[in-house]
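J.: Below: sequence and its predicted model.
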Amino acid sequence: MRRYLFKNKLWFLAYAITMIINSIVITYSAFLIERIVNCAINGELTLLKQQVKYSIIYIFALFIIEYIRRTCRSIYLKESVFDLKKDLFDNLIDQDLITFSKENSAKYISVLNNDVNMVEDNYFDNVFVIIRSVTMLATAVIFMICINIYIGILAILLSLMPILIPMVFGKKLSKLKNEYSKALEIYNIKIKDIFTGFEVIKSFNIEKNVKENHIKINSNTEEKSTSLIMLKV
């Protein structure tokens, strides 16, 4: 999977750089606001006007940086997911008929849709979330150390707590992701079988049984999803 992360190196680098710049600029906003408030409290009108001008320029620059970041993100994810889906599809098509027929076609559809989407959310995007979090943390700590070294040290100690959480729940989260992926796969297979046999369902008037069966598999899928969401939060 790592080779897909760095396959589009140019867009990876562009997204990472704009993410870092965006994080630094956002962190700096707190100190810009502090300066404006201090100028207003101290009655320094000339300096206040100057800070307001800086703020307008800052907001304009932030919008531009955010637009570039979002553009780089969308292109990078599009190219990475395209390459991943292409290789998965090519591998499926290259299988011989006997090997391909061993699995329900709904499973292959689930892999190309649900599993790839989970990889996009939980792998590609998360890498940049980590980059952004680390950058914002480092920037904030540096700014706080410049203001007060003791506050900076305290911030470093408090920041270690969120880092420990993934270490504690990492294995559990990975297990839940696999369980949710399998539940989605089963759900797709069952739904495909139901819709394929729709004429049989109507012929034998077994709509009630089919609905009850759907409730069970739907409930199981959403329970896996709920467990995953709770742990991620």
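T.: That came in fine, so what should we check first? Numbering: from 1, shown residues only.
J.: low-confidence ranges in the chain?
T.: By pLDDT under 70, the weakly predicted segments of the chain are 1, 147-148, 150-174, 227-233.
J.: those helices in it, which residues are they?
T.: With helices called from DSSP state H, the chain shows them at 2-5, 9-42, 45-93, 97-101, 105-110, 116-119, 125-147, 149-196, 198-204, 207-232.
J.: tell me what the last one is packed against?
T.: For helix 207-232, the contact count by 3 or more CB pairs under 8 Å, 6 or more residues apart in numbering; DSSP states H and E identifies helix 149-196 as packing neighbours. Using the backbone N, CA and C atoms, a C-beta is placed for each residue, glycine as well.
J.: same thing with the second one?
T.: Applying 3+ CB pairs under 8 Å, 6+ apart, one finds that helix 9-42 makes contact with helix 45-93, helix 125-147.
J.: Go through those helices and name the closest to residue 200.
T.: helix 45-93 (28.2 Å; CB to CB).
J.: my guess is residue 100 meets residue 94, correct?
T.: No: look at residue 100 against residue 94 with CB atoms under 8 Å: they stay out of range, at 9.5 Å.
J.: Comparing the two, which shows the higher neighbour count?
T.: Comparing residue 100 with residue 94 by neighbour count (other CB atoms under 10 Å), the higher total belongs to residue 100, at 13 against 9.
J.: Can you get me a residue count around residue 218?
T.: So residue 218, with other CB under 10 Å, has 14 neighbours.
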